Structure formats: structure tokens, C-alpha cells
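# My questions are about this predicted structure, shown below with the sequence.
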Amino acid sequence: MLRKTPVALALGLAWGLCPTTGWAQSSAAPAPATKAAATPLSEITVTSTRTQRKVDNVPNTVTVYPAATIEADGARDIKDLFRNEIDVSVRAAPGRFTAAGSSVGRAGNEGINIRGLEGNQVLMLVDGIRVPNSFSFGAFATGRGDFLGLDGAQTVEVLRGPASTQFGSDGLAGAVSLRTPEPTDLLKPGRDANAYVRLGYASVDRSPNATVAGAARTGPWQGLLLASLRQGHEADNQARNDALNSTRTAPNPTDYENRYLLGKLNHTLTPAHQLGLTLESLQRKQDTEVYSARAVQPLTGTAAQIAAATLDLDTRDHVKRDRVSFEHRFNDLNAGAIQKAQTHLYAQDSEVRQWSAEDRNTSADRTRDNLYRQKVLGLSTQLESNFSGVLNQRVSYGADLSRAEVSGVRDGTVAPFGETFPTKPFPDTHYTLIGAFVQSEVEAGAFSVIPGLRFDRYELKPSSDGYTGAVSALSGQAVTPRLGFVWRLHPGFAPFGQVAKGFKAPTPDQVNNGFTNLASGYRSVGNPDLKAEYATSLELGVRGKVDGFRWSLTGFDNRYDDFIAQQVVAGAGTAADPLIFQYINLSTARIRGIEARTEWQIDPRWSATGGASLVRGYSEASGKRAPLDTVEPMRSVFGLRYALEAWSFRATWLHSRGKGADRTAPAATQPFTPPSYTVTDIGASWKALPNLSLHANVNNVLDKTYWRWSDVRGLASNSTVKDAYTAPGRNLQVSMRYDF
């Protein structure tokens, strides 16, 4: 297990890094915020068009979570952040994995689901840089959500619909973009320094946390330093069986430690030119005592099963993401042809390492040491030109280039039958993405038209070094247009919409992979003819605001061609004729839905929010349709807030309809379909002093026992450990922020 670091160390980190006398003139802490108002009317988004626009002036649906909202809600990670969203979810199954067979829960926060698609089909960005892809191979499974550190988030934006015109590959379903703070986000006009310390505790996993940040400027220089530390244990559930074997439904004992460090240094060359340097490091370490992998005593079964029975399983996981980036920004509204320009050069090194040690009965004990790594070097540039006359027009254009080195290694002792360690699940691959785009934002009175066009080329060049299977290179290109509009016909009635194309290039492990287990009668093979996935999206809606009442109604229809999925393409499942698994392009997939959102400022003290989302989807292969399991049941949310000068109180009710059996894909075993549920969260914020803010939240205040569909997908209805998949019961989160 991880060596325990006492809470005092977290406090020492906070106070030890905090400057003293030179920072005493900082401004007060931000006013308390609430998740019920995640997107204030004045909030700006840059993800929708890669330019700054108000959220009520974009042709699609965008949600913005500012830092104050994240802080007041006490979100530990992205699953916490999106838990009351109507069309966004995060899959995070309980950790019930094994050393060499099952990967259930090993990937942590696996990825973000937007309107029915998830994983690598959702683009995830930190300061415009892609988060590494997820990867799965047997018991080795990596996620994407744990690469994000909310303590270093200034804003988190969620864009629905294809994002390929803006960012290229991957954003079939949408994009989640995290922006880290700049020194100016902490500094106030007329002040040259500011710092704060934030301390908190979450009972759901018994995790104390500390964050310290400071910013200063002198002459043309500005700097920022932010550091955070969180230590915790296994997340609670509503199960009570704490047996030390596979019948266990209580969480397996876990210790984790998250460390995050962000440093920025900006230099103003002239009023129009600025240079920036960013250093970022995220580290997550987790140790787990996997009681649920242990065999039930006394041992039963065949002689081979008794010999191989697991008596103990200990694991250590390590996730890291380090990056350095250089930036040049130009901003001069009086310049000639180009008024704004931004160039970004970056390098990022990310890896997931999973180690397991398994004690078996009389069979040889075995270990597994698996590594997935992605190193990327990239360049991005964007320019803006503004034109005025009969029509006002802003043209943005630019190019993106990235080259990633993607590799994986499976190592350990007692390799599977027919294998020799170390081995590679796919060949080391150079993965290159090149794209160029142009977009025009035309303003004609109350009407905005936003056409865009992008050309991308992708190339996968694998290396045969150390890889025993067949190796195939792959390249392709895509053109992704978009046409959006916003018509401010009346403050209370403003139609908007867009037609957009999207694409997702195949990943290295989909094109080239090879594994054979004749004893179990199966093998996997690559597919050098794999094509990119494509999306065609239509979104139409109307929004308005009248006398403090804001509303929106949106409908969407997303069609996907050449949908990629791993399928059995041949074989009978015997040693002589094994099953052949291969990633192939399915015929089509389609997801349709409708969403409604409201915000109502009832009076200066009372406000309310509400929303509902209904989504349906299916895939089609060989002329047969099947429901998409990744589509969530209908969800609705209602929030109420009461605010005084120094106090605010809030409550949120989330209702999820049960998952119908007719909305699940066919399976050999009837899947578990959780019933409907309603969960109540409450919270309060108190600005005790001008520079001291306190927040408290009680989630699932009624201690409801329920299952989230995102977490139980794939669980059989006859499972005897369904309680292990229950969501946490009543839990408390508290935090304090002091600004110096």
C-alpha cells in the first residue's frame, strides 16, 4: 500500500509554498457559486468556434463550468463534476479486476459519454492539447478521465456534436476542453500579487486535499504557480458484504495519491505581443488489495481450477501526464490584415503503468507489469482577421500538426500459453495528424452565419521492432465542413442550429494487434483496411430570455458511418478453428434526441434551474439493428437556490429513468437493467470574511440505494454481486478557501 502522508503534510505544502508579505494586497475570494447555475449568461466559450463567443450566441449546445462552480461543488474528479448533467456521464465501474482475466474497474474514470458516445469518440483537451487515448487488452485497461486535474481548471467546457471542423479527429460526439488558469485569472486590476490556499475533505473516499496558488507580476513579466495534493481511499458504495473473496460486494481497500503542479511564465514583449511558457505535471498512484479476486474457501472445481485458484492479489497503478508548452500571442485590433494570432508549440509525455502480483494455490505465482505510453510533439497556429462594412465578418484560420509515439508493453512472469514475456499488444507506432481549417463568422444584424471547413490527413507508421505479428501502415484524409447559424429574432425567441461532419481516425491498436490463445480457442488480428469513422450531425434549437427566465429546446440527429467495433469475424472457438476477433467497420449507427433546459431568476434571492434529456440510438451490422448500450436512460434535473449577501443554499434533484430491457444490445446472458432513481444533493456556501469562503455539500442526502447505468453496463442480471456496483450513499464534502 502507499505510504500514508498525514494531513499535516498537505497543510505544510499549502502554507510552505505560499508567499507572505509581498502577497498581502490580493483581492477577496470569488463569490460562492453553485452547480445549478453552471453557465451564467455572460459566460464565454472558445470550444464551439475556437473563437470567443457568448454561450447564448453559438450554433450548438455548450456548457461552461467556471472554477468558482467547481470549487463550491467540491468536485473531486470529472465524474463528480458531471454527476447532475442530463446528457453527460462518466463510466467508472468498481475495481473488481483480476491479474490476467478481467479489467473491470481497472481503468478508473474510463472516459466521458456525451449523448450516447464515449471513450475515444469524445475529444478531450487540456489547453488545446489532446488527452491520450484509452486502451484495452484483456486485463490491461487504461482510461482517460484520470489524466484531468480539476484543481488546475479555470474552466471546463462541454461541447455537444461533432468537433472535427474545429479540432480534427476524435470529436464525433463532442469535446470536453479544460483550460488552466493564466496569471491574469488570479491577478486583479491595480494589484501586483495574489495567492490563496484551499483545504477540503470528502467523506466518500476519506480524502483530504490541499491546493495553493499564487500569481505575481513585475514589469513585463507575469508568473503563476499552483500545486495540489489529494490522498484518499476506495470510494464508498451501499453494499455490506465485506467477505475476503469473490463474493465480496464492499469496495476493495484502496489507497491513492494525486499530485498536480502547474507553472506559467508570461513575458510581454510589446502591448501586442506576448510569450508564454507552461509546465504541467500530473501524477496519480494507487494501491489496491483485491479481495474480490480471491477464491472462495474451501476450494472447489477441477484439479486445474483448484491449483490455479487465486489466494491473494495486490496491485499498483501509476498514471502520469507531463507537458511543456511555448506560446506566442498577438492581439492588435488596429492592425492591418491580421488582428489576432496565436501559435502553440508543445511536448507531452503520458503513461499508464499497471503492476499486479498474484498468489495462486499450487500453480506458479505470477505477476503482470503492463505499460501504455504516448509521447506527442505538436504545433498549432490560429489567426483572426476582422472585416467591417455592409456585413461584419471575423475570419479565423490556421493549422494543427501533431506526431505521437504510441507504445505498449506486456511483461511479468508466467506468460499465457503460447506467449513469451515481454511482448507488445501492438507495434510501436508513429501517429501523425495534420489539419488546416478556415471559418467565417458573418454578422448581419440579428443574424449570424458561421460556415467552416477543415482538411485533415492522418498517418500510422508502425515499427516491427520487438513485435511478432503482421504490421501494416495506414493513412487517410478527411474533409469536414460545418454550417451554423444563430438568429436573434427576439430576446425570448432565438433559433439556432448547425449541420456538421465529423471523423475519427483509427487508433494504432485497432489497425495492428495480434494475440493467440489456442487453449481457449480465440485469437485477435489487425485490420489494415480499417476506415475512419464518420459522423453527420443535424442540431436545431431555440433559446430565449425574458424577465429573468432563460430557456432552450434542442433536437439532434447524429448518423455515423463505418462505425468501428471489435467483432468475431470467423471461427468456431476450438483450438483447430479459433474465434477470430477483429476491429471492423459496421454499416451505420444513429443517435437521436431532444433536450430542454431552463433557468429562472424568481426574485433577487430565489432562482431555479431545470432540464431533461431523452436519447435513443442503435447500430446496424449486416442488416440487423441493435440498441446502443452506451446510450443513457432519460434523465431530468431540477435545482433550487436561495442566496443572501454572505450565504447561499442550494438543492438539486436528479431523476433517471430505469433502463428498459428493449434498450440493451442482445447478449448471451440477460443484462442487468437498473431501476429508476431520484437522488437529492444539498449544499451551502458562506463568505465568512471578504477573503474567506466556506463550502459544504451533502450528496445523496436521503441515502438512496441506486445503480448508474454507465457503471453497470455489461453486468448480468443473475450476478450475485450487483450491490458492488451501487453508487455511494450519503456523503459529505467540505472546503475552505483563504485569499491573502
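Yes, it's here.
# For stretch 652-660, output the C-alpha coordinates as CSV.
Provided in CSV are the C-alpha atoms of stretch 652-660 (Å, rounded to 0.1, in the frame of the first residue of the first chain):
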residue,chain,number,x,y,z
THR,A,652,-30.5,19.5,-6.7
TRP,A,653,-32.8,16.6,-7.6
LEU,A,654,-31.7,14.3,-10.4
HIS,A,655,-34.1,11.7,-11.7
SER,A,656,-33.0,8.9,-14.1
ARG,A,657,-35.5,6.6,-15.7
GLY,A,658,-34.8,2.8,-15.5
LYS,A,659,-33.0,1.2,-18.4
GLY,A,660,-35.5,-0.9,-20.4
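# What are the buried residues along it?
For stretch 652-660, a neighbour-count test (16 or more other Cβ atoms under 10 Å) marks Thr652, Trp653, Leu654, Ser656, Arg657, Lys659 as buried. From N, CA and C alone the C-beta is placed, and that goes for glycine too.
# Kindly reformat those as TSV containing secondary structure.
Shown next, in TSV, are these (DSSP: H, G, I helix; E, B strand; the rest coil):
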residue	secondary structure
Thr652	strand
Trp653	strand
Leu654	strand
Ser656	strand
Arg657	coil
Lys659	coil
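# Quick check: mean pLDDT of stretch 329-341?
Regarding stretch 329-341, the rounded mean pLDDT is 94.
# what's the pLDDT at Asp577?
We have a pLDDT of 89 for Asp577.
# brain fart, Leu689
96.
# Which strand residues bridge it?
With DSSP bridges as the criterion, Leu689 is bridged to Leu692.
# Turn the buried residues of stretch 652-660 into TSV, including distance to Leu401 and pLDDT.
Formatted as TSV, those follow (distance: Cβ to Cβ, whole Å; pLDDT from 0 to 100):
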residue	distance to Leu401	pLDDT
Thr652	43	98
Trp653	47	98
Leu654	42	98
Ser656	42	97
Arg657	45	97
Lys659	43	94
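# Identify, from those residues, the entry nearest to Val104.
Lowest distance from Val104 to the buried residues of stretch 652-660 (Cβ to Cβ) belongs to Lys659, with 18.5 Å.
# Quick check: the closest one vs Pro633, distance?
5 Å (Cβ to Cβ, to the nearest Å).
# Report the set of residues contacting both of those two.
Common neighbours of Lys659 and Pro633 (criterion: Cβ atoms under 8 Å, 6 or more residues apart in numbering): Trp709.
# Throw the buried residues of stretch 652-660 into a markdown table and include distance to Leu715, thanks.
Below are the buried residues of stretch 652-660 laid out as a markdown table (distance: Cβ to Cβ, whole Å):
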| residue | distance to Leu715 |
| --- | --- |
| Thr652 | 27 |
| Trp653 | 26 |
| Leu654 | 21 |
| Ser656 | 16 |
| Arg657 | 18 |
| Lys659 | 11 |
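# Show me which pair in these is furthest apart.
Based on Cβ to Cβ, the longest span within the buried residues of stretch 652-660 runs between Thr652 and Lys659 and measures 21.8 Å.
# where does this structure have its least confident helix or strand?
Lowest by mean pLDDT, DSSP states H and E among the helices and strands of the chain is helix 7-16, with a mean of 35.
# Going along the chain from that helix, find the next helix or strand for me.
Proceeding N to C from helix 7-16, the next assigned helix or strand is strand 44-45, under DSSP states H and E.
# Show me what that following strand is packed against.
If you count contacts as 3 or more Cβ pairs under 8 Å, 6 or more residues apart in numbering; DSSP states H and E, strand 44-45 packs onto strand 53-54, strand 62-66.
# can you tell me which residues contact Ala608?
Ala36, Thr598, Glu599, Trp600, Ile602, Phe638, Gly639, Leu640, Arg641.
# Quick check: bridge partners of it?
Applying DSSP bridges, one finds that Ala608 bridges with Trp600, Leu640.
# Pretty sure Gln510 sits in a strand.
No: read with three-state DSSP, Gln510 is helix and lies in no strand.
# From Phe740, how far out is it?
51 Å.
# Have a look at these two and say which one is more surrounded.
Neighbours per residue (other Cβ atoms under 10 Å) separate Gln510 from Phe740, with Gln510 holding more: 21 against 18.
# what is the nearest residue to that one once chain neighbours are set aside paired to in the beta sheet?
Nearest residue to Gln510 in three dimensions, chain neighbours excluded: Tyr583, at 4.2 Å (Cβ to Cβ, 6 or more residues apart in numbering). Beta-bridge partners of Tyr583, counted by DSSP bridges, are Gln566.
# For Tyr583, give me its contacts.
Tyr583 neighbours (Cβ under 8 Å, 6+ apart): Pro506, Gln510, Val511, Asn513, Gly526, Asn527, Leu530, Ile564, Ala565, Gln566, Gln567.
# Looking at those residues, spot the one nearest Asn252.
Ranked by distance to Asn252 (Cβ to Cβ), those are led by Gln566 at 27.9 Å.
# My guess is Gly108 contacts Arg91. True?
No: the criterion here is Cβ atoms under 8 Å, and Gly108 misses it with Arg91 at 9.9 Å.
# who touches both of those two?
Joint contacts of Gly108 and Arg91 (Cβ under 8 Å, 6+ apart) do not exist.
# What distance do you get for the residue nearest to Tyr677 when sequence neighbours are not counted to Ala75?
Leaving out its chain neighbours, the residue that sits closest to Tyr677 by Cβ to Cβ, 6+ apart is Tyr706, at 3.6 Å. Look at Tyr706 and Ala75: by Cβ to Cβ, they are 20 Å apart.
# Comparing those two, which residue is more hemmed in?
Counted by other Cβ under 10 Å, Tyr706 and Ala75 do not tie: Ala75 has more neighbours, with 23 against 16.
# Find me the pLDDT at the residue of the chain most remote from its centre, would you?
Centroid-distance maximum for the chain: Ala303 at 44.7 Å, with Cα atoms, centre = their mean. The model reports Ala303 with a pLDDT of 96.
# For it, grab phi and psi.
Main-chain dihedrals, Ala303, degrees, to the nearest 10: phi -60, psi -40.
# Could you number the chain from 504 rather than 1 from now on?
All set: I'll call the first residue 504, so the last point we hit is now Ala806.
# list the contacts for it?
Counting by Cβ under 8 Å, 6+ apart, Ala806 has no contacts.
# Let me have the contacts of Ala1111 in CSV, extended by distance to Glu546, neighbour count and pLDDT.
Converted to CSV, these look like this (distance: Cβ to Cβ, whole Å; neighbours: other Cβ atoms under 10 Å; pLDDT from 0 to 100):
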residue, distance to Glu546, neighbour count, pLDDT
Ala539, 14, 23, 40
Thr1101, 17, 15, 96
Glu1102, 12, 22, 95
Trp1103, 17, 15, 96
Ile1105, 21, 13, 96
Phe1141, 21, 18, 98
Gly1142, 17, 22, 97
Leu1143, 21, 19, 97
Arg1144, 17, 22, 97
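# Give me the local confidence score for Arg506.
42.
# Sorry, slip of the keys, the one I care about is Ala527.
For Ala527, the model assigns a pLDDT of 32.
# what do you get for the one 10 residues further on?
Confidence per residue is given as pLDDT, and for Thr537 that number is 43.
# ditto for the one 3 residues further on
According to the predicted model, the pLDDT of Ala540 comes to 41.
# Quickly name whichever of the buried residues of stretch 1155-1163 is closest to Thr714.
Proximity of those to Thr714 (Cβ to Cβ) peaks at Thr1155, which lies at 24.3 Å.
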